[in-house]
Structures are given as structure tokens and as C-alpha cells.
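**Q** Structure for the following, please:
(one chain, ligands or ions: 1)
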Amino acid sequence: MVSIEQILDPISVKDFFQNYWQKKHLIIRRNKFKNIYSFRHLNSYLNRYPYVRGLQIIDYTDKGDGRWCLDKVMSGKLKLPKLKRSDVFKLWKEEGKTFVIPFAENENKYLNDIVQELEKYFEYGQANVYASPKAMSKSFPPHADSTENFLFHTEGKTKWTMYSDKGKTISDQFTLDAGDLLYIPIGVYHKVETIGPRVLVSVHFKNKPKQTLEKFVIKKSNREQWYDWVPPGFYDKKVIKRNHRLMQSGTWKKPYFNWNK
Ligand SMILES: [Fe+2]
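**A** Numbering: from 1, shown residues only. Predicted coordinates:
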């Protein structure tokens, strides 16, 4: 399991809720969660297409048609073409579209652990993966979200702009790298630009009703449990160790985080 202390490290939980929660954004650099969703995860996910609930393609036609949503297209609610896997791949590879994978908290234990832990402090949440194969030519206008957002950067770099009032005055600008975490309070205006291939996991929640610092409620998540389906004793410790090593993909020489500790 993962604790909120590990998620916020080196910021203490008290410091976070007193000084950042609902007030200002927070950047935690080089945290332990670089490997929670990689391009490798994306690869096996998209090769399941069309059996991928809720897949979305942002800015589908470049003409302002907005998002292509698999579920809405299939149910007929959205009048856009049904795409074959090869069409989806073309949109990714040749047109460089950004894909959104909703409910990614069901994709692996690491993400599930993070969502479950934060649900003690917030309402029932969700993890969405934002993945792009290259820099986006078009950048989205400044906006605010109606949720508390934890943005885990897991591949590549993104450029962020934060605003102090409704997208007019810039309060901060920075580039985030794989392994960085950005917290954006509910209602704070922000803009994100993709400057190369990237994967970003947005873990977001509404606040518990009437949650205040004075009367702070911490309650166990009511999310369905993540089960271990591997029969007991089936894998020996060597195999588990090797799998962990495989999870620590990329160029980082030593594991940044040992999940079993
Ligand atoms: Fe946003």
C-alpha cells in the first residue's frame, strides 16, 4: 500500500492541508511515482481496442469538433465515425492526437493504491491518463477544474502556466518532467502545453462535503478492493523482484521507490 505521506513527501500532510489545499498549487519534484503509468502500459491498453471503456481522442478533427469518445460514438450519442484500430493508430502516429484514458485507476495496483489512499481525504475520485505522441501544435485556453487535481508526470515534459485571476494574470510558469507531481486546487486557472511525447496521470477528487481544517474528516475509501488474483506461493521472490525491476523502466538507474517497503 501507499501512504499519503509517501505521496506528498517531502511536504508533510499537515503542511499540505494547512498551506496548499484549496489555496495554491504545489510542485513536488522527483517523487517516487514515475512508473505508475508508462508508454508500455499504454501499448497494451490500446492494443485491446475497441475493448477499452471510455477512450477519448482530444481535438479529433482540428476543426473544433472537440472530443471523439468511444462510448458515445458506439451508443450513437455522438455522431462521429466508428474507428477501426488502424484509424486510431493513424490519429496517434501521424496526426499526433492526445488520448485520454479514463478510469485508469483500474489499470494497475499502483494507481489504484494512490486513488484509494487519497479517497480517505477526498470524495470518490478518478484517474485519467493524458498521453501524447509528440508536441501539440494547438494549446488549450486557460481553464479551471471543479476538482482537486493531482497530476503525476510519468513520461516526457509538459509546460505549465498558472494564473492568479481567471486566466488573466500569470502567477507561475514551469516545466515538469517525469517523476514530478503537481497539485492544482479546485478553481485555480491553469494552462498546459505539450512540448514532446508525454504521459500524465490526472488523479482528481471533489472535496468531502463540509470538509474544513477545523473539522477535518478522514474516512476509509468505499472503493471496491484491488484483489491479488495470483494463487499463494505461485511466484517465488526472485520473480517478484524481476517484475519490480521491469516496472522500473527507462533510464533511471536505481529504483526510485520500493513498493513493498
Ligand atoms: Fe485542467
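**Q** Would you agree residue 108 is in contact with residue 42?
**A** No. The criterion here is C-beta atoms under 8 Å, and residue 108 misses it with residue 42 at 11.8 Å. (Glycine included, C-beta is placed from N, CA and C.)
**Q** So the spatially closest residue to residue 119 that is not a sequence neighbour: helix, strand or coil?
**A** Leaving aside its sequence neighbours, residue 119 sits nearest to residue 221 (C-beta to C-beta, 6 or more residues apart in numbering; 3.4 Å). Here residue 221 is recorded as coil under DSSP: H, G, I helix; E, B strand; the rest coil.
**Q** Neighbours of residue 221, how many?
**A** Neighbour count for residue 221, taken as other C-beta atoms under 10 Å: 17.
**Q** ok, now which ones touch it?
**A** Going by C-beta atoms under 8 Å, 6 or more residues apart in numbering, residue 221 touches 115, 116, 117, 119, 120, 124.
**Q** Just those residues: which are in helices?
**A** 115, 116, 117 (DSSP state H).
**Q** Would you mark the buried spots in stretch 77-91?
**A** 78, 83, 88, 91 (16 or more other C-beta atoms under 10 Å).
**Q** Also stretch 28-48?
**A** 28, 31-39, 41-42, 45-46.
**Q** what about it, how long is it end to end?
**A** Stretch 28-48 has its terminal residues 33 Å apart, counting by C-alpha to C-alpha, to the nearest Å.
**Q** roughly how far out does it sit from the chain middle?
**A** 9 Å (C-alpha atoms, centre = their mean, to the nearest Å).
**Q** Leaving out sequence neighbours, find the closest residue to residue 1.
**A** residue 113 (5.7 Å).
**Q** and the one you found, what helix or strand is that in?
**A** Taking DSSP states H and E as the criterion, residue 113 maps to helix 109-118.
**Q** now residue 71
**A** Short version, using DSSP H and E: residue 71 is in helix 70-75.
**Q** For that helix, buried residues please.
**A** 70, 73.
**Q** what are the pairing partners of the top strand by length along the chain, and which direction each?
**A** Secondary structure of the chain read by DSSP state E shows that its longest strand is strand 148-165. Sheet pairing for strand 148-165, assigned by DSSP bridges, gives strand 169-176 (antiparallel), strand 181-184 (antiparallel), strand 190-205 (antiparallel).
**Q** after the helix holding residue 71 comes which helix or strand?
**A** Assigned by DSSP H and E, the successor of helix 70-75 is helix 85-93.
**Q** Adjacent strands (with direction) for the helix or strand following that next one?
**A** Downstream of helix 85-93, the next assigned helix or strand under DSSP H and E is strand 99-101. Strand 99-101 pairs in its sheet with strand 56-57 (antiparallel), strand 126-132 (antiparallel), by DSSP bridges.
**Q** The helix holding residue 113: how far from the chain's middle?
**A** With C-alpha atoms, centre = their mean, you get 11 Å for helix 109-118.
**Q** for stretch 165-181, same thing?
**A** Distance, centroid of stretch 165-181 to centroid of chain: 16 Å (C-alpha atoms, centre = their mean).
**Q** Show me the contact partners of stretch 149-157.
**A** Applying C-beta under 8 Å, 6+ apart, the contact partners of stretch 149-157 are 7, 31, 33-39, 114, 118, 131-132, 175-184, 186, 195-204.
**Q** what separates the nearest residue in space to residue 164 that is not next to it in sequence from residue 57, distance-wise?
**A** Among residues not flanking residue 164 along the chain, residue 171 sits closest, at 4.1 Å (C-beta to C-beta, 6+ apart). Applying C-beta to C-beta, to the nearest Å, the value for residue 171 to residue 57 is 31 Å.
**Q** quick one, which of these two is more surrounded?
**A** Set residue 171 next to residue 57 and count neighbours by other C-beta under 10 Å: residue 57 wins out with 21 against 14.
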